[in-house]
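Colleague: One predicted model, sequence on top.
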Amino acid sequence: NAGVTQTPKFRVLKTGQSMTLLCAQDMNHEYMYWYRQDPGMGLRLIHYSVGEGTTAKGEVPDGYNVSRLKKQNFLLGLESAAPSQTSVYFCASSYFGDQPQHFGDGTRLSIL
Amino acid sequence: AQSVTQLGSHVSVSEGALVLLRCNYSSSVPPYLFWYVQYPNQGLQLLLKYTSAATLVKGINGFEAEFKKSETSFHLTKPSAHMSDAAEYFCAVTGSSNTGKLIFGQGTTLQVKP
């Protein structure tokens, strides 16, 4: 039982490059979330989805895009990476909005 | 709108001592409150949640938290610290069961000294 799986675990990019982070969950959860974690700031919500085919902006959406074409997958894209996007990115999922979220192990992204 | 404040970015206790991690929240609607723990290089794991069923909530690993509406607090406690409790702890709130959007506190790093 894998839970929430994030790919890749580490990545180094150059400014201006693009990439996609993949989140996959095998728990049949409806809701999925992307957060970024920065020192001293806790986790901040980037985008979220309340079901297949839906997405919505969170607290810090600028510079990111997302897609939820399949219920089990939630993709986070950086079209033109900037050093300010250096962070640890976490994906989470839950059955419904009032249920606990299950987190992946994170993707450590450095942008030079 | 919701917000969370965790008092103290670092807390240090001796093994066997009481653990108290403080969390105050602000919410314009009845909140759902959570405590999560993060071990190094790992994701967040749920310790416990408050969803209005009972004000004293028991979680895993001997942790518990008490919801006090009058003080807008949801402090996390454990009677006796263990070395394995050393980690970062996050308090989080959501006021929307429709979206589940969590607002996290800044986190508190717990150090346990032998």
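Modeller: Arrived safely, thanks for sending.

Colleague: How far off centre is stretch B:83-90?
Modeller: In terms of Cα atoms, centre = their mean, to the nearest Å, the centre of stretch B:83-90 is found 11 Å from the chain centre.

Colleague: er, stretch B:39-55 actually
Modeller: 7 Å.

Colleague: now the end-to-end length of it.
Modeller: End-to-end distance for stretch B:39-55: 27 Å, by Cα to Cα, to the nearest Å.

Colleague: now the nearest residue to A:Ser87 once chain neighbours are set aside, which residues is it bridged with?
Modeller: Spatially, and ignoring its direct neighbours in sequence, A:Ser87 is nearest to A:Arg36 (4.4 Å; Cβ to Cβ, 6 or more residues apart in numbering or on different chains). C-beta here means a position set from N, CA and C on the backbone, and glycine is covered the same way. As for beta bridges, A:Arg36 partners with A:Arg44, A:Tyr89 under DSSP bridges.

Colleague: Return the distance of A:Arg36 relative to chain B.
Modeller: 11 Å (Cβ to the nearest Cβ, to the nearest Å).

Colleague: For that residue, give me its contacts.
Modeller: By Cβ atoms under 8 Å, 6 or more residues apart in numbering or on different chains, the contact set of A:Arg36 is A:Leu43, A:Arg44, A:Ile46, A:Val60, A:Ser87, A:Val88, A:Tyr89, A:Phe90.

Colleague: Return the member of the residues you listed nearest to B:Ala53.
Modeller: Ranked by distance to B:Ala53 (Cβ to Cβ), the contacts of A:Arg36 are led by A:Leu43 at 25.4 Å.

Colleague: How about the residues of chain B by chain A?
Modeller: Contacts of chain B with chain A, taken as Cβ under 8 Å from any Cβ of the partner chain, map to B:4, B:9, B:32, B:34, B:36, B:41-46, B:49, B:51, B:90, B:92, B:94, B:96-107.

Colleague: Would you write a ChimeraX line that selects the buried entries of these?
Modeller: Applying 16 or more other Cβ atoms under 10 Å in any protein chain shown to the residues of chain B next to chain A, the buried members can be selected in ChimeraX as follows:
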select /B:4,32,34,36,43,44,46,49,51,90,92,94,99,100,101,102,103,104,105,106,107
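
Colleague: Mind checking which of the residues of chain B next to chain A land in strands?
Modeller: Counting by DSSP state E, the residues of chain B next to chain A place B:4, B:32, B:34, B:36, B:44-46, B:49, B:90, B:92, B:94, B:103-104 in strands.

Colleague: I'd like those written out as CSV, with pLDDT and distance to A:Phe96 added.
Modeller: Listed next are those as CSV, based on pLDDT from 0 to 100; distance: Cβ to Cβ, whole Å:
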residue, pLDDT, distance to A:Phe96
B:Val4, 93, 21
B:Tyr32, 89, 11
B:Phe34, 94, 14
B:Tyr36, 97, 18
B:Leu44, 95, 18
B:Gln45, 95, 19
B:Leu46, 95, 15
B:Lys49, 93, 13
B:Phe90, 97, 21
B:Ala92, 94, 16
B:Thr94, 87, 11
B:Ile103, 92, 18
B:Phe104, 94, 19
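
Colleague: In chain B, which residue is most central in space?
Modeller: B:Trp35 (3.4 Å; Cα atoms, centre = their mean).

Colleague: who touches that residue in this structure?
Modeller: Residues counted as contacts of B:Trp35 (Cβ under 8 Å, 6+ apart) are B:21, B:23, B:46-49, B:59, B:63, B:65, B:74, B:76, B:89-92.

Colleague: Now flag whichever of the residues you listed is closest to A:Arg11.
Modeller: Among those, B:Phe90 lies closest to A:Arg11 (Cβ to Cβ), at 24.2 Å.
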